[in-house]
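**Student:** One predicted model, sequence on top.
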Amino acid sequence: MVNEDLDYRSEMENYLELEKILLDIEFGQADLNEAVTNNFELIDFIANNESYAGQVSAQLLLQEAGLVEYNELIKLPEPVVIPKNAVINNKPAQAVKYDDIINVYPNPASEVFYVEYALIGQNSNPSLQILNLNGSIIENIKLKQNAGIFVYNKKLAAGTYIIKVGNNYTQKITIN
């Protein structure tokens, strides 16, 4: 019991130190790269311990500093299994079809926006396109996997854009 209390206390102390680093960066009291470099051991330790308080924040810090790239694991719901010979209302059962799962946020955005995606029906070469309202491609980005979170942090002029992910999904986003 004593070891568990010490482990929890140590985890919370590390988490509070990480939060202090994040606040210093957010309020301009520390440069992102300098803060990550000076606290790399702590941030790397938190980022690589599954279910550790602040793990995702630590991973994002390392990624934004350009030191490590993390692929977000999105756990999807288990599909409902229907036997092939099932009969409902005297009609054969139809196969369950899942659509792509996409979420673009925040909307409106100022500088950075995130695209969470799970491309169920697409087998290869997933991509993300940013188009203007005329349909002209502003940027075409090849995604490394069919599911994850993409962070877009390049400067876009203020206006409305269309985010196209995979073959079938589009969503408008406003940049302030």
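**Tutor:** Great, that's in hand.
**Student:** Let me know the helix or strand that the residue positioned nearest the centre of the chain is in.
**Tutor:** Most central residue of the chain, judged by C-alpha distance to the mean C-alpha position with C-alpha atoms, centre = their mean, is I149 at 2.6 Å. Under DSSP states H and E, the secondary-structure element containing I149 is strand 147-152.
**Student:** Output that strand as CSV, nothing but the C-alphas.
**Tutor:** The C-alpha trace of strand 147-152 is given here as CSV (Å, rounded to 0.1, in the frame of the first residue of the first chain):
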residue,chain,number,x,y,z
ALA,A,147,-6.7,6.3,-38.5
GLY,A,148,-5.2,9.0,-36.2
ILE,A,149,-5.1,12.7,-35.4
PHE,A,150,-3.5,15.1,-37.8
VAL,A,151,-2.3,18.5,-36.4
TYR,A,152,-2.4,21.3,-39.0
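**Student:** got the buried residues for it?
**Tutor:** Residues A147, G148, I149, F150, Y152 are the ones in strand 147-152 that count as buried (16 or more other C-beta atoms under 10 Å). Yep, even glycine has a C-beta here, placed from its N, CA and C like the rest.
**Student:** Could you report the neighbour count for the closest residue to I173 other than its chain neighbours?
**Tutor:** Among residues not flanking I173 along the chain, N107 sits closest, at 5.1 Å (C-beta to C-beta, 6 or more residues apart in numbering). Each residue near N107 was counted by other C-beta atoms under 10 Å, and the total is 13.
**Student:** N107: which element?
**Tutor:** Under the assignment given by DSSP H and E, N107 is not contained in any helix or strand.
**Student:** Quick one, grab the pLDDT at the nearest residue to D24 once chain neighbours are set aside.
**Tutor:** For D24, ignoring the flanking residues on the chain, the nearest one in space by C-beta to C-beta, 6+ apart is A30 at 4.0 Å. We note a pLDDT of 90 for A30 in this prediction.
**Student:** again, but for the one 4 residues further on
**Tutor:** As summarised for this prediction, E34 has a pLDDT of 91.
**Student:** Next, work out how far apart it and N49 are.
**Tutor:** Computed with C-beta to C-beta, to the nearest Å, the distance linking E34 and N49 is 24 Å.
**Student:** Where do the strands of this structure begin and end?
**Tutor:** Taking DSSP state E to define them, one finds strands in the chain at 87-88, 91-92, 101-105, 113-118, 127-131, 137-142, 147-152, 159-165, 169-175.
**Student:** could you give the angle of the fifth one to strand 169-175?
**Tutor:** Taking axes from the mean of the first three to the mean of the last three C-alpha atoms, to 10 degrees, one finds that strand 127-131 is oriented at 50 degrees with respect to strand 169-175.
**Student:** that older thread, ok, now how distant is the residue nearest to I173 from I175?
**Tutor:** With distances defined as C-beta to C-beta, the gap from N107 to I175 amounts to 9 Å.
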